[in-house]
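S.K.: Quick one: sequence and predicted model below, then my questions.
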Amino acid sequence: MAWSTYTLWAIAAGVAVALELLTGTFYLLMLALGLVAGALVALAGAGMTAQMLVAAAVAILAVGLCHTLRRRSRAGRGATALGLLDVGEVIQVDDWRSGDEALVRYRGATWRAQPHPGHKVRPLQPGAWRVAALQGNTLLLQPATDRSAPLA
């Protein structure tokens, strides 16, 4: 059974999306857009050279746009646009380690978490916590029941 070129491009795009879901690397999604563009050009009947050029161009443009938007967002607000979406999300902290630090599962990955600097209550208790801010790759948390302190 011979697979069409369009099918191979579509399978490659599906693999890129699956890898993105496993790794959380947003750039793989941009690569998948390029692969989908290659599939559409193949479906239109263009030759392999045109398919590869269009796929590469779309992927490069998508990655470049993503990178530019991310850089502008960091420069303008001091945080990534994705980080701003995390603020307010409730996560489960199973255990606080010494030094007021925890490892939590969030968005399919293990994150380092600390209580928000404004949180003074000790000892820290396991349970539901709300993301108050993102500092680099560390989640700054406040208790999920504490709505008096502003999220910052």
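M.R.: Cool, got the structure.
S.K.: quick one: Gln125 from Ala144, how far?
M.R.: As for Gln125, its distance to Ala144 is 11 Å (criterion: C-beta to C-beta, to the nearest Å). From N, CA and C alone the C-beta is placed, and that goes for glycine too.
S.K.: same deal with Thr110?
M.R.: With distances taken as C-beta to C-beta, Thr110 is found 20 Å from Ala144.
S.K.: So for these two, which sits in the more crowded spot?
M.R.: Taking other C-beta atoms under 10 Å, Thr110 and Ala144 do not tie; Ala144 has more neighbours (16 against 9).
S.K.: Going along the chain, name the strands of the protein.
M.R.: 90-93, 102-106, 109-115, 127-135, 138-143 (DSSP state E).
S.K.: Packing partners of the top helix by length along the chain?
M.R.: The longest helix of the chain (DSSP state H) is helix 48-77. With contacts taken as 3 or more C-beta pairs under 8 Å, 6 or more residues apart in numbering; DSSP states H and E, helix 48-77 sits against helix 5-23, helix 26-43, helix 81-86.
S.K.: Throw these into a markdown table and include distance to Gly64 and mean neighbour count, thanks.
M.R.: Shown next, in a markdown table, are those (distance: least, C-beta to C-beta, whole Å; neighbours: other C-beta atoms under 10 Å):
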| stretch | distance to Gly64 | mean neighbour count |
| --- | --- | --- |
| helix 5-23 | 17 | 16 |
| helix 26-43 | 9 | 20 |
| helix 81-86 | 16 | 14 |
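S.K.: Mind telling me which of those helices the model trusts least?
M.R.: The weakest mean pLDDT among the helices and strands packed on helix 48-77 belongs to helix 81-86, with a mean of 59.
S.K.: Any stretches of the chain with poor pLDDT?
M.R.: Where the chain drops to pLDDT under 70, the residues are 1, 73-85, 99, 146-152.
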